[in-house]
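A.B. asks: my questions are about this predicted structure, shown below with the sequence.
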Amino acid sequence: MMAVLPQLAEQQRLAWCVDGSAWRLDIVFTLDEALLRAERDKPSVILLDRDLSNSDWRAAVHKFCKLRPAPSVLLASPVADQYLWDELVANGGYDVVIKPFQAGELKRVIASAHAFWKSRLPRG
């Protein structure tokens, strides 16, 4: 799993929330760094901060979705509503995660996103 979070406090909260889980967590500060690592490491799930500076989250989701295999993209946002979820899904994303992160909810959404990613892998 990869996370693109520019705020150190949010990175620490995320690490705490997934501590003890089976996921290997790779946290980066910038979208450029995330794209380079994602091409190399092929994460199953990417958690993307909605409010990255100098970046449009919609364009970022499109870039991640062009990777093969395409990761399940979660959008981290302080607010979530049906409109944001619809927009994320229309742009190729998987789900919205509320900030500040809550461990139980976050683990549930990551597990679901990973299962969805796995279900789309070619069989054979």
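C.D. replies: Ah, there it is.
A.B. asks: excluding residues flanking it in the chain, which one is nearest residue 110?
C.D. replies: Excluding the flanking residues, the one nearest residue 110 by Cβ to Cβ, 6 or more residues apart in numbering is residue 45, at 5.7 Å. In short, each C-beta sits where N, CA and C put it, glycine included.
A.B. asks: for that neighbour, give me its contacts.
C.D. replies: 1-2, 23, 71-74, 94, 110, 113-114, 117 (Cβ atoms under 8 Å, 6 or more residues apart in numbering).
A.B. asks: now with 10 Å?
C.D. replies: Residues in contact with residue 45 (Cβ atoms under 10 Å, 6 or more residues apart in numbering) are 1-3, 23, 25, 71-74, 94-95, 109-114, 116-117.
A.B. asks: ok, now residue 26?
C.D. replies: Here residue 26 is in contact with 1-4, 33-34, 37-38, 41, 43, 46 (criterion: Cβ under 10 Å, 6+ apart).
A.B. asks: tell me the most packed of those, by neighbour count.
C.D. replies: Highest neighbour count within the contacts of residue 26, by other Cβ atoms under 10 Å: residue 46, with 30 neighbours.
A.B. asks: show the model's pLDDT score for the residue nearest to the spatial centre of the chain.
C.D. replies: The centre of the chain sits closest to residue 47, judged by Cα atoms, centre = their mean, with a distance of 1.8 Å. pLDDT recorded at residue 47 is 98.
A.B. asks: mind listing what it touches?
C.D. replies: 1-5, 10, 14, 18, 25, 27, 34, 71-76, 97, 101, 106, 109-110, 113.
A.B. asks: kindly report the same for residue 35.
C.D. replies: Residue 35 neighbours (Cβ under 10 Å, 6+ apart): 4, 28, 46, 60, 63-64, 66-67.
A.B. asks: how far does the lengthiest helix in the chain sit from the chain's center?
C.D. replies: Longest helix in the chain by number of residues (criterion: DSSP state H): helix 103-119. Remark: helix 103-119 is offset 10 Å from the chain centroid, using Cα atoms, centre = their mean, to the nearest Å.
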